[in-house]
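Q: got a predicted model here, sequence first, then my questions.
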Amino acid sequence: MVRLYRLESKIVALFITLLVVVQLAGFVAIRTAIDRNARASISEELAVGERVFARQLDQNAQKLTQGARLLASDFGFRQAIGTDDRETIASVLSNHGARIGASMAMLIGNDGQIRASTVEYPDTDLQRSSLELVRKAGNGNGASENAVVGDRLFQIVAVPIKAPVTIAWVVMGFPIDHQLVSDMRELSSLQVSILVSQRGGVGWNADVSTLAAPAASMLLKEVGQPAMRAGGLIDLQIDGNQYRARLLPLAQASNGQQAVAVLQRSVSEAVEPYQRLQLILLSITVLGVLGAAVASAVLARRITSPLRDLADVAKRLGEGDYSEGLFIRRQDEIGRLGNAFETMRLEIASRELKISRLAYQDQLTGLPNRVQFADLLRDAIAEAARTPGAACYILMMDLDRFQQVNDVLGHSFGDDLLRQVALRLSTQLLHPGAKLSRLGGDEFAILLPGVDQDGAVEQALQILRALEQPLSLHQQTVDLGAGIGISGYPAHGQSSDVLLSHAEVAMYTAKRKGSGLVIYDPAIDQSSQESLSLLSELRRALERDEFMLYLQPKLDLCSGQVVGAEALVRWIHPEKGFIGPDNFIPFAETTGFIRMLTLWMMEQVARLSEQLQQQGVQLKFSVNLSTRDLLDQELPTAFAAILQRHRLQPAALCLEITESAIMDDPARAQNTLERLSNMGFALSIDDFGTGYSSLAYLKRLPVDELKIDKSFVMKMAQDQDDAKIVRSTVDLGHNLGLRVVAEGVESEEVWFLLRQMGCDQGQGYFMGKPMPVQHFLAWREQWRAPDMLDQSENMAV
Amino acid sequence: MQQKNMIRTGIAAGLLPALLALAAVAQAAVSVQVLDVAGQPMPNAVVYAEPAGAAAPPAKAPRQVEIEQKNKTFMPLVTVVQTGTPILFPNHDNVRHHVYSFSPAKTFELKLYSGVPGSPVVFDKAGTVVLGCNIHDEMVAYVQVVNTPFFGVTDRSGSVKLEGLGNGKYTLKAWYFTMGPNEAAVEQPLLVQGEGRASIKLNVKAVPL
């Protein structure tokens, strides 16, 4: 059995099988009917044939009888008989017998004696038959019968000779000749054979037959034993042909010999017209099957070829090719399927387009997103890899202070800003193949295929220059700035992932340094790796309580009294030992860890402050806030919770903010500072003089204190300019109503100079370095302010 | 009817001299009854008596007899005559007849003729003569020719009166036309002593008239 995998083959096979089965059933039914009909018609023909043959024999006998009767009525003949003229009688018998075809003729007297005969010695059978026939005829006009004479079948007739009463009988014998059976054959299309059984009843002799001699002799064998044949239908097989035959007993001799007529009908001849019919039916069947095959193939093709096309389209859809559609102009189910398919293709194509846009395009700017940029970069690397000596660079940039813009001016403004930046950047591309992309947030990247490092740097500088120009948006002017990291193939990496991460590292480095652009260097990466581990170490340090609170005393320069201390943090690493703040504070600031640290500091200071207050010691501790702290909206709340926990008034603490931290995001800083100030915290501007704050701005800030940067204070004894700055600053502070604190007091001389300038408080190595809490407490106990009050006054004077 | 009368007249004319002769010698008449095999009276049977042991009575010139053909039938069917009797065959039909006999007692033929033949046929030999017509197979007549003047044909009652017999011994014979041509007549002795009666039985069945 061949497996049919194709729908088309299945349909065709089904059609043909159905048709063949139906035709076969019809064929079998017709054949059975034909066979039955043929046999019935053969039987009928044979029955009719038997009657016809009997009638023919009878007519033949009548004809012979009439002939004999004519002879018998011949006057001369009767006269010869009447006068017993035997010679004449014999010659008349012979002459007249020959005239009507009798092969023998006899005259039998009323006494049953043969008076004359054309047969010299008629055998006893003939005599007996003749006498019986005469007896049978009686007073009638004659009789006839069939008789076996000498192995042949005769029709014998007996007619009376009347003069005018019966005076004798003429008996004439006619052999059944070939004419009779051929007449029968012509009449009925039956084969007719006359068979006479052999003496002793062993077999048959053929007498006459319409069959050819060989067939006739085969017939003898087929008919079989004479004794067994009593008439009825028999089937014969002669010369390969099938016959149906009927045996018609004709005569039975007293010696047991019998004669039969075999009427046989060729079955094949009888069914021949039917066979032609069957042949026609077969032809119709074959034509029908062929027609059905063609029709079903066409039909199947009409069904399957659009299905195959649809399958092809579906395959292409699966491969992501939505370009080619399929139009089936049909109204049927296939057509509807095709239409549904077409609709599906268009829908999927548009959805895929949308998805890929979502996946590969930045929705805000319409620029390629990170994913697409990575793909483009991959392609560019592959392209560069094909050409020896070719390179490919990427720039990655992060806008300065974008987070603040977003927080202060709102996300909508931030989004507009990003769009404007994208617009500006896209006009600054120097290389035709350059591709701008927004990686996310305020990060942009530019792909420079086939560009070397110089080209990349040139592009970066171009960008930086473009960003120097402030951007006007919604009546606001925003200063832009960015850190740009550069990495390139093949110098810095082989894969897009590596290049991207290297560029990012370089970019962060640039931002940290504040310098515009940084080309990736494995050393940076090293530090960035360290940074990562540093962050986790910082976290662990907080958990394990590895940080220590250090305090640097803050003194009233006039009285020499310890009025407070600046809280500082030190890290006692379990393996590396003491780690100075410069080694982790900037890092903590950039990573935001500083907020944790600030809270930790706040907690420590508050606890200490509470303890000291219980001992009756009033000291004002200062805690440093970083830029990050200022941006943290939750900070005031967290501080309030800590103060409440330790039953402290905010006035017990001072919060120091560097000038640059404020200027990173002045509006936001001002907001936070005002909230803190309102809570009651004293606020101090740290490192004053190093930033770029305007006095106008400074004036608006709710601060209580200025801390002059130690860079001015440390050398003021030697440097007149520094001394002037310090003096001016002290005056400025006082004029603004602020307390002025000097940092970096490292000598008695400076102390006195500051006191002379009217500076309120001082802080420095001269009084005490930053020290652990216990040291600080011990130091405070033994601290004696230098008694130089007069001396300094003298000097001033 | 007229013909019938003529035949009777003929017979009467023939018998009369014999009767007269017998009467002269002491003549007697014997009434004979013929019965068939079933015992029924048998008409049309020929009855004749031959004197036993004695020579036949002297032959006188027998009278001519007629057997006419009328309606394609011989009339009468059965005729008995003494040897030497001439028989005339007048044809009263309007078709021709061809009267013939192949009987050994008398073989003759009167070829197609109409009307009355010119001469009669003399039946000069005792025996049965069967007459036929060659062109009308159904016509048949029987003539029994006997060597005695004492004969007759039974009437409807199967009786016949033989007259003119002298006393003496006779052989009484009876013949019926259905008996074969060569079959001998049934015979029985008859003793005549004046008027008498006799009955004879035949072994055939009477043909209804």
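A: Noted; the coordinates are in hand.

Q: pull out the CA atoms of stretch A:263-282 and give them to me as PDB.
A: The C-alpha coordinates for stretch A:263-282 follow below in PDB (Å, rounded to 0.1, in the frame of the first residue of the first chain):
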ATOM      1  CA  LEU A 263     -29.800 -29.700 -29.800                       C
ATOM      2  CA  GLN A 264     -26.900 -27.600 -28.600                       C
ATOM      3  CA  ARG A 265     -26.500 -23.900 -28.100                       C
ATOM      4  CA  SER A 266     -23.100 -22.300 -27.900                       C
ATOM      5  CA  VAL A 267     -23.000 -20.400 -24.600                       C
ATOM      6  CA  SER A 268     -20.300 -18.200 -25.900                       C
ATOM      7  CA  GLU A 269     -22.300 -17.300 -29.000                       C
ATOM      8  CA  ALA A 270     -25.400 -16.700 -26.800                       C
ATOM      9  CA  VAL A 271     -23.500 -14.400 -24.500                       C
ATOM     10  CA  GLU A 272     -21.600 -12.700 -27.400                       C
ATOM     11  CA  PRO A 273     -23.900  -9.800 -27.800                       C
ATOM     12  CA  TYR A 274     -23.900  -9.400 -24.000                       C
ATOM     13  CA  GLN A 275     -20.100  -9.600 -24.100                       C
ATOM     14  CA  ARG A 276     -20.100  -6.700 -26.600                       C
ATOM     15  CA  LEU A 277     -22.400  -4.900 -24.200                       C
ATOM     16  CA  GLN A 278     -20.000  -5.700 -21.300                       C
ATOM     17  CA  LEU A 279     -17.100  -4.500 -23.500                       C
ATOM     18  CA  ILE A 280     -19.000  -1.300 -24.000                       C
ATOM     19  CA  LEU A 281     -19.700  -1.000 -20.300                       C
ATOM     20  CA  LEU A 282     -16.000  -1.700 -19.600                       C
END
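
Q: spatially, what comes nearest to residue A:446 if we skip its sequence neighbours?
A: residue A:395 (4.4 Å; CB to CB, 6 or more residues apart in numbering or on different chains). All C-beta atoms are positioned from the backbone trio N, CA, C, and that covers glycine.

Q: next one: residue A:416
A: residue A:473 (5.8 Å).

Q: and for residue A:181?
A: Nearest to residue A:181 is residue A:192, by CB to CB, 6+ apart, at 4.1 Å.

Q: low pLDDT regions in chain B?
A: Counting by pLDDT under 70, chain B shows low-confidence ranges at B:1-26, B:54-60, B:181-182.

Q: quick check, the residue in the stretch 651-797 of chain A closest to chain B?
A: residue A:668 (166.8 Å; CB to the nearest CB).

Q: my guess is that residue contacts residue A:405. True?
A: No: between residue A:668 and residue A:405 no contact is recorded; they are 9.8 Å apart, counting by CB atoms under 8 Å.

Q: higher neighbour count, those two?
A: residue A:405 (25 against 20; other CB atoms under 10 Å in any protein chain shown).

Q: pretty sure that one belongs to a helix, no?
A: Yes: per DSSP: H, G, I helix; E, B strand; the rest coil, residue A:405 lies within a helix segment.

Q: what's the burial count for the closest residue in space to it that isn't next to it in sequence?
A: Distance criterion CB to CB, 6+ apart; nearest residue to residue A:405, sequence neighbours excluded, is residue A:414 at 5.8 Å. Using other CB under 10 Å, residue A:414 has 21 other residues around it.

Q: for beta bridges, what are the partners of the closest residue to residue A:565 other than its chain neighbours?
A: Nearest residue to residue A:565, sequence neighbours excluded (CB to CB, 6+ apart): residue A:551, at 3.9 Å. For residue A:551, the beta-bridge partners under DSSP bridges are residue A:567, residue A:771.

Q: any idea of the pLDDT on residue A:551?
A: Looking at residue A:551, its pLDDT stands at 93.

Q: and the nearest residue to residue B:194 once chain neighbours are set aside, what element?
A: For residue B:194, ignoring the flanking residues on the chain, the nearest one in space by CB to CB, 6+ apart is residue B:28 at 4.8 Å. Element membership of residue B:28, judged by DSSP states H and E, is strand B:27-35.

Q: show residues contacting that strand.
A: Outside strand B:27-35, the residues within contact range by CB atoms under 8 Å, 6 or more residues apart in numbering or on different chains are B:19, B:21-22, B:41-42, B:45, B:47, B:49, B:152, B:154, B:158-167, B:172, B:174, B:176, B:190, B:192-202.
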